[in-house]
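A.B. asks: Quick one, what's the 3D model for this:
(chains A and B)
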Amino acid sequence: MSLTEKDKAAVKALWAKIAKSADAVGADALSRMLLVYPQTKTYFSHWPEMKTGGESVKKHGKKVMGGVALAVSKIDNLTAGLLELSELHAFQLRVDPANFKLLAHCIQVVIANMFPNEFTPEAHVALDKFLGNVALGLSEKYR
Amino acid sequence: MVEWTDFERATIQDIFSRIDYDVVGPAALSRCLIVYPWTQRYFGSFGNLYNAAAISSNPKVAAHGKVVLSGLEKAVKNMDDIKQTYADLSVLHSEKLHVDPDNFKLLADCLTIVVAAQMGADFNCDVQAAFQKFLAVVVSSLRRQYH
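C.D. replies: Numbers count the residues shown, from 1 in each chain, chains lettered A, B, ... in the order given. Just a heads-up that it's a prediction; the model follows:
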């Protein structure tokens, strides 16, 4: 389900509206994922604390959204653009790729929650496709 | 048997007392048909589903969205035995409607997003977790009679 020009335009337009709040979106999405899908906590056992709104979640949410911002900038070639991040996830972090869609869902819930007027069905389908393709890009080097 | 905490019970009752079924049902179903277009396969008789605008303004989609929400209300009123409450609905979806049960999760995700958009700050992490747990039980009950 590759991205059409219309999808790319929709993603960039949505990103322009939410970019200022990216850190908050990231922290909120991560908190929700850890609570709604407790199996994802297994990847963060090294954190000193895992409180909603805590320092670890905030810091990591910002990092994750930095990755999303990078993906938006490389939207015309996600596989190439996400190569380094893919190597990181494949060889060091070894996050099971099934989890990517869990975080993607939570990111979309947060965007719907914070930007209900901007997250129209058209924006939703474009973002869903985009995040799916980001997940594919991140999984590229796994095997 | 599913164990519900007091918080979860109260949260589910609260959400469903606050949302407007006539808005949320149609919004969730049309969003599902737009974001996951293969789900349109079950609605061949609904007329114009050619694009997002057509789907969002399609009266049959809207009517069916309300049917779905009313169906969910049965689970809200029988949280301690959703499995039994939905036994007939499960058979219906399997034997008569032939709906791939993987689609239930897609609709559940769209419903979560519509409710998140409606409830704003009140839809916090704990509320989302309770809501998704409820929907997971609903989905599991609807899958149960498939064979």
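A.B. asks: mind checking how far the helix or strand containing residue B:14 is from the chain centre?
C.D. replies: Element membership of residue B:14, judged by DSSP states H and E, is helix B:6-18. Relative to its parent chain, helix B:6-18 has a centroid offset of 16 Å by CA atoms, centre = their mean, to the nearest Å.
A.B. asks: what does stretch B:77-94 give?
C.D. replies: On CA atoms, centre = their mean, the centre of stretch B:77-94 falls 13 Å from the chain's centre.
A.B. asks: what are the C-alpha coordinates of that stretch, in PDB please?
C.D. replies: Only the C-alpha atoms of stretch B:77-94 are listed here, as PDB (Å, rounded to 0.1, in the frame of the first residue of the first chain):
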ATOM      1  CA  LYS B  77     -25.400  -3.200  29.700                       C
ATOM      2  CA  ASN B  78     -24.100  -6.700  30.200                       C
ATOM      3  CA  MET B  79     -20.500  -6.300  30.900                       C
ATOM      4  CA  ASP B  80     -20.300  -9.400  33.000                       C
ATOM      5  CA  ASP B  81     -21.400 -11.700  30.200                       C
ATOM      6  CA  ILE B  82     -20.600 -10.200  26.900                       C
ATOM      7  CA  LYS B  83     -19.700 -13.600  25.500                       C
ATOM      8  CA  GLN B  84     -23.200 -14.900  26.000                       C
ATOM      9  CA  THR B  85     -24.900 -11.600  25.100                       C
ATOM     10  CA  TYR B  86     -23.100 -11.700  21.700                       C
ATOM     11  CA  ALA B  87     -23.500 -15.400  20.900                       C
ATOM     12  CA  ASP B  88     -26.300 -14.800  18.400                       C
ATOM     13  CA  LEU B  89     -24.600 -11.700  16.900                       C
ATOM     14  CA  SER B  90     -21.400 -13.800  16.500                       C
ATOM     15  CA  VAL B  91     -23.300 -16.500  14.600                       C
ATOM     16  CA  LEU B  92     -25.000 -13.800  12.500                       C
ATOM     17  CA  HIS B  93     -21.600 -12.300  11.500                       C
ATOM     18  CA  SER B  94     -20.100 -15.600  10.700                       C
END
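A.B. asks: How about the contacts made by the residue nearest the centre of chain B?
C.D. replies: With distances taken as CA atoms, centre = their mean, the residue of chain B nearest its centroid is residue B:108 (4.9 Å). Contacts for residue B:108 (CB atoms under 8 Å, 6 or more residues apart in numbering or on different chains) come out as B:132, B:135-136, B:138-139. (Each C-beta comes from the backbone N, C-alpha and C, glycine too.)
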